[in-house]
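[1] how would this look folded up:
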Amino acid sequence: MDRFQYLILMGICLVITLPLEFLFKARVWRRPRRLWAAVWPVAAVLIVWDLIAVARDHWEFSEKLTTGWEILPGFPVDEVVFFVAIPVCALLTFEAVRNSLEWLAERRGRSAAAAPPATRTEAPR
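    Okay, the predicted model is just below:
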């Protein structure tokens, strides 16, 4: 079970943020080209960074805590999943927050428009 903890955690992150797609109309999964355009550059840079760090022995991946499935020698699939899953979760969260703030601004605008205009009174002298 230890070998799959990382992948399970990435799955949990995606499952937890998935409702944002529907509840807050994040529309991340519904626009796959836009999602791909946002995720692949980040993932590519981080994968290259990791490959350099592993090649220089700055760090390594635990065989005990990763699946053992490797894309390249010493570079686990788990790490690539991380570099895709976390940006997707971040995008879902960002879009949900942005949509919520827009919704609140619209509500405030409507309530301000519906309110009677403020009357100006002079302070007693």
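[2] Could you use CA atoms for every contact and neighbour count after this?
    Fine.
[3] If you average pLDDT per helix and strand, which one of this structure comes out bottom?
    Across the helices and strands of the chain, mean confidence by mean pLDDT, DSSP states H and E is lowest for strand 70-72: a mean of 88.
[4] Quickly run through the sheet partners of that strand, with directions.
    With DSSP bridges as the criterion, the sheet partners recorded for strand 70-72 are strand 75-76 (antiparallel).
[5] picking that back up, which parts of the least confident helix or strand of the chain are buried?
    When burial is assessed from 16 or more other C-alpha atoms under 10 Å, strand 70-72 yields no buried residues.
[6] Report the distance from it to the chain centre.
    24 Å (C-alpha atoms, centre = their mean, to the nearest Å).
[7] Check stretch 48-58 too.
    24 Å.
[8] Touching it from outside, list them.
    Counting by C-alpha atoms under 8 Å, 6 or more residues apart in numbering, the neighbours of stretch 48-58 from elsewhere in the structure are Trp59, Glu60, Gly74, Phe75.
[9] got the buried residues for that stretch?
    The neighbour-count check on stretch 48-58 (16+ other C-alpha under 10 Å) flags Asp50, Leu51, Val54 as buried.
[10] what's the neighbour count on Asp2?
    The criterion is other C-alpha atoms under 10 Å. On that basis, Asp2 has 11 neighbouring residues.
[11] ok, Thr66 - contacts?
    Applying C-alpha under 8 Å, 6+ apart to Thr66 gives the contacts Asp2, Arg3, Phe4, Gln5, Tyr6, Pro76, Asp78.
[12] what sits against the first one?
    With contact taken as C-alpha under 8 Å, 6+ apart, Asp2 is in contact with Lys64, Leu65, Thr66.
[13] the longest helix in the chain is where?
    In terms of residue count, the longest helix belonging to the chain (DSSP state H) is helix 77-114.
[14] which helices and strands sit right next to that helix?
    Packed against helix 77-114, as judged by 3 or more C-alpha pairs under 8 Å, 6 or more residues apart in numbering; DSSP states H and E, are the following elements: helix 5-23, helix 32-55.
[15] quick one, which of the ones you listed is nearest to Glu95?
    helix 5-23 (8.4 Å; C-alpha to C-alpha).
[16] what mean pLDDT does the closest one have?
    Per-residue pLDDT over helix 5-23 has a mean of 94.
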